[in-house]
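Chemist: The following block contains a protein sequence and its predicted model.
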Amino acid sequence: MLRMNPVLGLAHQTGVRLAEVGFLLMLFAGLWFAAAQIAWFKLSSIRSIVAGVALAIGGLLLIIATHWGHFGGMPHGRVSTIARASASSR
């Protein structure tokens, strides 16, 4: 039987974009959790469920962006350029 390992690689900009969407979903979830606690608004339990799902999806997008999209680091190739520039300025 042939075993296949899926390989997922994302560009740096794609990782950044996924992280931005993840953070936006977390902001949305926080606002919905706050709105669910206001008695004037209806359907507070449904708002809490939607906010929880948004938090879960946002967290998943941040995991993907960090692991496969190289979010939080410099794009490949720029590290050596910056290191050489700082070493030559000394």
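Modeler: Cool, the structure landed.

Chemist: alpha carbons only for contacts and neighbour counts from here, please
Modeler: Will do.

Chemist: give the contact list for residue 22.
Modeler: Listed by Cα atoms under 8 Å, 6 or more residues apart in numbering, the contact partners of residue 22 are 57, 58, 59, 60, 61, 62.

Chemist: what's around the third one, how many residues?
Modeler: Meaning residue 59. If you count neighbours by other Cα atoms under 10 Å, residue 59 ends up with 17.

Chemist: that older thread, show me the contacts of residue 22 that map onto helices.
Modeler: Among those, the residues falling in helices (DSSP state H) are 57, 58, 59, 60, 61, 62.

Chemist: Run a quick neighbour tally on residue 70.
Modeler: 20.

Chemist: scratch that, residue 45
Modeler: Counted with other Cα under 10 Å, residue 45 comes out at 12.

Chemist: what kind of secondary structure is it in?
Modeler: helix (DSSP: H, G, I helix; E, B strand; the rest coil).

Chemist: so it makes contact with residue 38?
Modeler: No. The pair formed by residue 45 and residue 38 falls short of the contact definition of Cα atoms under 8 Å, at 11.4 Å.

Chemist: Could you pull out the helices in the protein for me?
Modeler: Under DSSP H, the chain gives helices at 12-36, 44-67, 78-88.

Chemist: For the ones in helices among the contacts of residue 22, which ChimeraX command selects only the ones that are buried?
Modeler: To isolate the buried members of the ones in helices among the contacts of residue 22 in ChimeraX, using 16 or more other Cα atoms under 10 Å:
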select :57,58,59,61,62
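
Chemist: now, among the ones in helices among the contacts of residue 22, which is nearest to residue 23?
Modeler: In terms of Cα to Cα, no member of the ones in helices among the contacts of residue 22 lies closer to residue 23 than residue 58, at 6.4 Å.
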